[in-house]
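Visitor: return atomic coordinates for the entry below.
(2 chains)
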Amino acid sequence: MTASQDIYPQTANVEQDVEQLRRAWRHPHGLLGWLSFTTHQAIGTRYIVTAFIMLLVGGIEALMMRTQLAHSNNGYLGPERYNQMFTTHGTTMMFLFAVPVMEGMAIYLIPLMVGTRNVAFPRLNAFGYWMYLFGVLFLYWGVLTNSAPDVGWFAYPPLSGPQFTPGKSTDYWAQMITFTEVSALCVAAELIATILKMRPPGMSLNRMPLYVWSILIQSWMVIFAMPAIVVASSYLLSDRTVGTQFVNPAEGGDPLLYQHIFWFFGHPEVYIIFIPALGFVSAIVVAHSRREIVGYTAMVLAQIANGFIAFGLWVHHMFATDLPQIGEAYFTASSMMIAITSGIQIFCWIATLWSGRARLTTALHFVYGFIAIFVLGGLTGVVLASVPLDLQVHDTFFVVAHFHYVLIGGAVFPLFGAFYHWFPKFTGRLMNETLGRVNFWVLFVGFNLTFFPMHILGLKGMPRRVYTYSPDMGWDNLNLLATIGAWVIAVGGVLFILNFLWSRKFGPVADNNPWEADSLEWAAASPPANYNFEYLPAVTSRYPLWVAREDRTVVTGTSTDRREVLVTTLMDAEPRHRYVLPGPSIWPLIAAICVTVGFAGSVFNGWYITWGTIISGLAFLGWFWPKRPLEPQHD
Amino acid sequence: MMRLLPRFTCLALSLLLSACITNKQSAIDPAGAQADRISTLWWSFFWLLGTIFIIVMIMTVLTLTRRRRGFEQEPLAQRHKASDETEHRLRRTITACTITSIVILFVLIFASVGTGRSNAEFHTAPNQLTIQVTGTQWWWQIQYMNSDATRNLATANEIHIPVGRPVHIVGVSNDVIHSFWVPNLNGKRDLIPSRVTDEWIEADHPGAFRGQCAEFCGLQHAHMAIWVIAEPEDRFQAWFRNQLQPAVAPSTPDLQQGQQVFLNHECIFCHQIRGTTAGGQSAPDLTHFGSRRGIAANTLPNTKGNLAGWILDPQSIKPGNHMATVEVSSTDLHPLIDYLESLK
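Guide: The predicted structure is shown next:
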């Protein structure tokens, strides 16, 4: 029946168990049913699809900006439109693409990797997705009604305050933050619970795949970082809407307070985006070089250290605000420390590839591209950590180059690699490898063509966020080169979409483990059934699928006629008890709509907070209403 | 030689990637002690980090050539791990690389903190010049500060400094956050409402150096430029004495008509021309407007044609700026422009 059947116990009645699992995990029918899904594959897919649409939208905004800057004194976009474009581009890419796509991948992959059937809180998961979606719709409703935010993705007061930016655009921006942060916190909570309490028997912490480690660290970072941005955006929003004076200097508030809080979130945010991507890289390197990672412990410790240090260097975004010398020296040192922990990981990957038997697949192409781009981005990061150098290149195109090297190189290249790597798991088909390589090279060349010249532009004095420049400045050629590069990236994006569409329909059919990879998700069917595994796996190694077949085991004795999973201990993953996960429910959507009414309405009228709280309370009451018995829910 | 090599590389890089070099707003063409130190620091970072980058890239590319060799020709079948000896060697190499990076980073930290300290060391300069720069949407208000109040001087969008004398830039802002940045002289310093920030610049040779607002400050952030003109001490003193004078009186009927046009229009609500009744304070001081290099915060060179365009339709040149569109009849326009340009 399945490839793994030979490791199932002789006594098990596999056919009956699978039939029961199928019924217990069946999706409800109809539109209402579709809106009630709570399985992690469905929610993860929704996150990924929505986030990729946002990548497309943010990419189009970037193309418009690059087209405007193609030559001096260009009249294509005026200052107003250009400022809106760079604000929505940054906001979309950071809040609506990068973080959600990493969350979506994790929601899809983590339960598979830790050998369980769903995330710990499936309805919270659905609620988180709806909040994210409504945040997207809220911001873009503003964009489409000509109220696009135009004060930068950082929205520094007093420029973003009521005096200098009247109208609703900044309110939409600030409240969109709240939506996405609620969503991110939901995801972080459920992923931490899933990773710490739902691992398969035998998967002690020191046997967790590096990707799982990266998500665990990222989720903790979300929990510590995101509240800061909610505070910052709420200060701003209440200054704007109800006349408080937290950050408005005209009223005695402090604009630097906002910067501190914003960057206390803003810097870890970057690591929240790229730490999961480093997890992708580890997974791809291990699977495609067909050997165990070199320096597992060093990798884990480096990632944890990254997570901690990330919270100690926010001030390097504020060196130009004239801080005391001693503080500057501290933040220079802490910023450079990141280079050490990141360097260790780079060394480990290179050593793994060096001594492995790498198959040069498209996924691995993206990893090599990642190393080249990310190392350069990391080194320019060292430049920016130095106060005197930062004072020259801060807020110039040098910084634009740096963070695109770090974020596109460090997160988007691994993400594309991950997509090529896990696509067979998501869809049951492999992506086209030839087109994949073309796709990689077009993106790689386009990327460097776009962003490398920006280093030089920055040194030659071109500031960021200018909608045009004078021909006397001598910036024309490099800008034209960057614009051409941007269009090459666009071609790469189109190739990716074409490959995706073609491969979904015509790609070669993949079996469970087309790459002969090591981790548990490859033991599930491709694409996985709603219940992931017929029998929950048990683990005896850090690389469970590289253990000889006769040494692999599964867990029996859990109920198959309800959505039951195993709860294990935090450190050693010893089975403790069985736990029944809730099934599909429409309540998360209803609750998200009620919360949205409160959040969105409060931008226009403070009373919506009250009404929103009341109706949300009712919705949560419905959601949490106890249902007995928890026994089989046959339809 | 050590100093020439980086400059040569810079030149080669620039030539390679851009046909046209104008280093009047460049961080790597220093014209003062501060920028010079930063530029030296930059090139040491550049060479050190560049070497690291190349080594890492070589190692990365070499992994591609080795991938068919397996674990040093160890048997491949079903093994996913190298021999203990290979693993140990790899770990030793990683440790060595890590220690090397830590050492290099320490060197870089000390170098950069040292440069930062030197650049802040001017607090006791006896012959210093103090200039207050006020960021305003979207122009620069300049005030030469002096203990003798009669020698305080207000101007806009252009700073003259004497070569070889340290200049203390006191940064404040009238509205939103701006950032004062003249890369040939020093790094940037934010101008923050409700705060006062400090920066030191010192030119080591004469020249005109362009700067530009570096913190996003709204609609016309792109058109907020400033010139710093470094001159020998005597020429600077001459310029300063001239700037302290009230505006020259119009000497021809044409210029007199121009002055009347100015004084009879809304111009006076915002602009000041010392020596006349025009005393507005919310826009650039025009007392010596004709001597300045640019108009509209150096959006355009200061020519009669540009000035006419600017007065007739400021919104098309710098959309969203705060200058009112004043109705000036065609017969009044020429005298007005002649008058303004005569204010040397």
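Visitor: may I have the beta-bridge partners of B:Thr134?
Guide: B:Thr134 has these beta-bridge partners by DSSP bridges: B:Gln141, B:Val172.
Visitor: now do the contacts for it.
Guide: Neighbour list for B:Thr134: B:Trp140, B:Gln141, B:Ile142, B:Gln143, B:Val172, B:Ser173, B:Asn174, B:Leu191 [criterion: C-beta atoms under 8 Å, 6 or more residues apart in numbering or on different chains]. C-beta here means a position set from N, CA and C on the backbone, and glycine is covered the same way.
Visitor: with A:Gln218 instead?
Guide: A:Met102, A:Ala106, A:Ala188, A:Tyr271, A:Ile272, A:Ile275, A:Pro276, A:Gly307.
Visitor: hmm, A:Arg63 is touching A:Ala490, no?
Guide: Not quite, residue A:63 is Leu, not Arg. Yes. Counting by C-beta atoms under 8 Å, A:Leu63 does reach A:Ala490; the two are 5.9 Å apart.
Visitor: tally of neighbours for residue 81?
Guide: With no chain named, the answer covers chain A. 15 (other C-beta atoms under 10 Å in any protein chain shown).
Visitor: wrong chain, I was asking about chain B
Guide: 16.
Visitor: go on, the one 4 residues further on?
Guide: Taking other C-beta under 10 Å as the criterion, the count of residues near B:Glu85 is 10.
Visitor: burial of the spatially closest residue to A:Gly343 that is not a sequence neighbour, as a residue count?
Guide: Spatial nearest neighbour of A:Gly343, excluding adjacent residues (C-beta to C-beta, 6 or more residues apart in numbering or on different chains): B:Ser101 at 4.9 Å. Neighbours of B:Ser101 under the rule other C-beta under 10 Å: 20.
Visitor: can you check A:Gln16 too?
Guide: Neighbours of A:Gln16 (other C-beta under 10 Å): 11.
Visitor: and it, how far is that from chain B?
Guide: 35 Å (C-beta to the nearest C-beta, to the nearest Å).
Visitor: what residues of the one helix or strand that residue maps to count as buried?
Guide: Using DSSP states H and E, A:Gln16 maps to helix A:14-24. Buried residues in helix A:14-24, counted by 16 or more other C-beta atoms under 10 Å in any protein chain shown: A:Asp17, A:Val18, A:Gln20, A:Leu21, A:Ala24.
Visitor: from those, pick the one nearest chain B.
Guide: A:Val18 (29.8 Å; C-beta to the nearest C-beta).
Visitor: wait, the closest one sits on A:Glu534?
Guide: Yes. A:Val18 lies in contact with A:Glu534 (C-beta under 8 Å); the separation is 5.4 Å.
Visitor: so where do the strands sit in chain B?
Guide: B:129-136, B:139-145, B:153-156, B:158-162, B:167-173, B:178-180, B:189-191, B:197-201, B:207-212, B:225-231, B:294-295, B:300-301 (DSSP state E).
Visitor: now do the second one: which elements does it pack against?
Guide: Which is strand B:139-145. strand B:129-136, strand B:153-156 (3 or more C-beta pairs under 8 Å, 6 or more residues apart in numbering or on different chains; DSSP states H and E).
Visitor: list the buried residues for the longest one?
Guide: By neighbour count on 16+ other C-beta under 10 Å, the buried set for strand B:129-136 is B:Leu129, B:Ile131, B:Gln132, B:Val133, B:Thr134, B:Gly135, B:Thr136.
Visitor: ok, which pair from those is furthest apart?
Guide: For these, the maximum inter-member distance is 21.6 Å, found between B:Leu129 and B:Thr136 (C-beta to C-beta).
Visitor: my read is that A:Gly410 contacts A:Gly279, right?
Guide: No. With contact defined as C-beta under 8 Å, A:Gly410 does not count as touching A:Gly279 (11.9 Å).
Visitor: what's the longest helix in the chain?
Guide: Picking chain A for this. Assignment by DSSP state H gives helix A:255-289 as the longest helix of chain A.
Visitor: ah, I was thinking of chain B
Guide: Longest helix in chain B, counting by DSSP H: helix B:84-120.
Visitor: what residues of it count as buried?
Guide: Buried, per 16+ other C-beta under 10 Å, within helix B:84-120: B:86-87, B:90-91, B:93-94, B:97-98, B:101, B:104-105, B:108-109, B:111-113, B:115-116, B:119-120.
Visitor: flag the shaky bits of the stretch 501-635 of chain A, pLDDT-wise.
Guide: A:628-635 (pLDDT under 70).
Visitor: mind redoing it with 50?
Guide: For the stretch 501-635 of chain A, applying pLDDT under 50 flags the ranges A:633-635.
Visitor: quick one, helices of it?
Guide: Secondary structure of the stretch 501-635 of chain A (DSSP state H, counting those that start in this stretch): helices at A:587-602, A:607-624.
Visitor: okay, those, which one's buried deepest?
Guide: When you average the neighbours per residue for each of those (mean count of other C-beta atoms under 10 Å in any protein chain shown), helix A:587-602 leads with a mean of 21.
Visitor: closest point of chain A to chain B, which residue?
Guide: A:Leu391 (2.5 Å).
Visitor: neighbours around that residue, how many?
Guide: 26.
Visitor: give me every residue that touches the closest residue to B:Ala249 other than its chain neighbours.
Guide: The shortest distance from B:Ala249 to any non-neighbouring residue, by C-beta to C-beta, 6+ apart, is to B:Gly275 (7.3 Å). Contact analysis of B:Gly275 by C-beta under 8 Å, 6+ apart lists B:Pro246, B:Ala247, B:Ala249, B:Thr287.
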